[in-house]
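Just to be clear, the model below is a prediction. Sequence and coordinates:
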Amino acid sequence: MLFVETMTVPWIRNMFPASIYKVSEDVIVNEGSNVTLSCLASGRPDPIITWRLLNPSAEPLDGEEFLDIIGIMRSQAGRYECKASNDVATPDFKYVNVVVNYPPTIQKIQSSETPVGRVGMLQCDANAVPKPEFEWYRDDKRMTNSQSINIQMLGTTTILVFSNVSEEDYGNYTCVATNRLGIQNASVFLYRPGTGRDINSSTSVSQSLWLMAACMAFLLFKC
């Protein structure tokens, strides 16, 4: 019987696949902060480490073992992918979730042209992380639920509902969006038909000093 001796080439015997053994924990930061993500891997040959932010484009980012993000913006929040490869086997992947906190920005408001006796609705939408809290004011009076008024909260949207509009209800209302990072408010109008106000035009975002002071005091009290 013929025996064939098999031999392993030494340089092949000393190769092993890339393996990520340490990666950053998930991160929560405020917008504008500096962030460093780390991804350490072993392997032979030494693995190449690359990063991507898994947004629609998912383009490669400048970084190797350490990815530095200076003054992070809300658009840079998301899931970051670390990839380690050395062509020995399938690359190794690990992921880091980055949450970016930022103050409220009111994106949309909707005034209402409503006849007396009908249902009227004022709408206010805001973006923020953490999720914004909303309040409604008329002049310096905070609105609360009553038999004729209902305040609805739907995620990042609030709706002020008038179940039976009266003459006294017409006027200027203020939507206030707050979180622990800031505050923004905007004027929204309930008005009678035929007064000529353009409800589709953008209503200016106002910064009422008394309202900001009241809401900041409310936030501080909650903290």
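Noted; the coordinates are in hand.

Show me where the chain has its helices.
Taking DSSP state H to define them, one finds helices in the chain at 10-13, 209-222.

tell me, which of the ones you listed is the model least confident about?
The minimum mean pLDDT among the helices of the chain belongs to helix 209-222 (a mean of 45).

Low-confidence ranges, the chain, go.
For the chain, the stretches with pLDDT under 70 are 1-13, 196-223.

Can you list the buried residues in the longest strand anywhere in it?
Secondary structure of the chain per DSSP state E: the longest strand is strand 92-110. Residues 92, 94, 96, 98, 100-104, 106, 109-110 are the ones in strand 92-110 that count as buried (16 or more other CB atoms under 10 Å). Any C-beta I mention is one placed from the backbone N, CA and C, and that applies to glycine too.

Tell me the helices and strands packed up against that strand.
Other elements packing on strand 92-110 under the criterion 3 or more CB pairs under 8 Å, 6 or more residues apart in numbering; DSSP states H and E are strand 16-23, strand 27-30, strand 35-44, strand 78-85, strand 120-129, strand 171-179, strand 182-191.

what sits up against the shortest one?
Going back to what we said before, that points to strand 27-30. 35, 37, 72, 96-102, 181 (CB atoms under 8 Å, 6 or more residues apart in numbering).

Try it again at 6 Å.
Residues outside strand 27-30 that contact it (CB atoms under 6 Å, 6 or more residues apart in numbering): 35, 98-99, 101.

what bridges to Ser42?
Beta-bridge pairing for Ser42 (DSSP bridges): Ser19.

what's the burial count for it?
By other CB atoms under 10 Å, the residues close to Ser42 number 16.

Distance of Leu61 relative to Asp139?
Distance of Leu61 to Asp139, given as CB to CB, to the nearest Å: 50 Å.

Repeat that for Phe189.
From Phe189 to Asp139 the distance is 14 Å (CB to CB).

center of the protein, which residue is that?
Nearest residue to the geometric centre of the chain (CA atoms, centre = their mean): Val129, 4.6 Å.

Excluding chain neighbours, what is closest to that one?
Closest residue to Val129 apart from its sequence neighbours, by CB to CB, 6 or more residues apart in numbering: Asn101 at 5.0 Å.

again with Asn185
The nearest residue in space to Asn185 (CB to CB, 6+ apart) is Val176, at 4.5 Å.

go on, Glu133?
Nearest non-adjacent residue to Glu133 (CB to CB, 6+ apart): Thr178, at 5.4 Å.

wait, that neighbour sits on Lys131?
No. With contacts counted by CB atoms under 6 Å, Thr178 stays clear of Lys131, the gap being 10.7 Å.

okay, those two: which has more neighbours?
More crowded of Thr178 and Lys131, by other CB under 10 Å: Thr178, with 23 against 14.

Quick check: the gap between the more buried one and Gly71.
In terms of CB to CB, Thr178 sits 24 Å off from Gly71.

ok, now Ile183?
Ile183 is 22 Å from Gly71, where distance means CB to CB.
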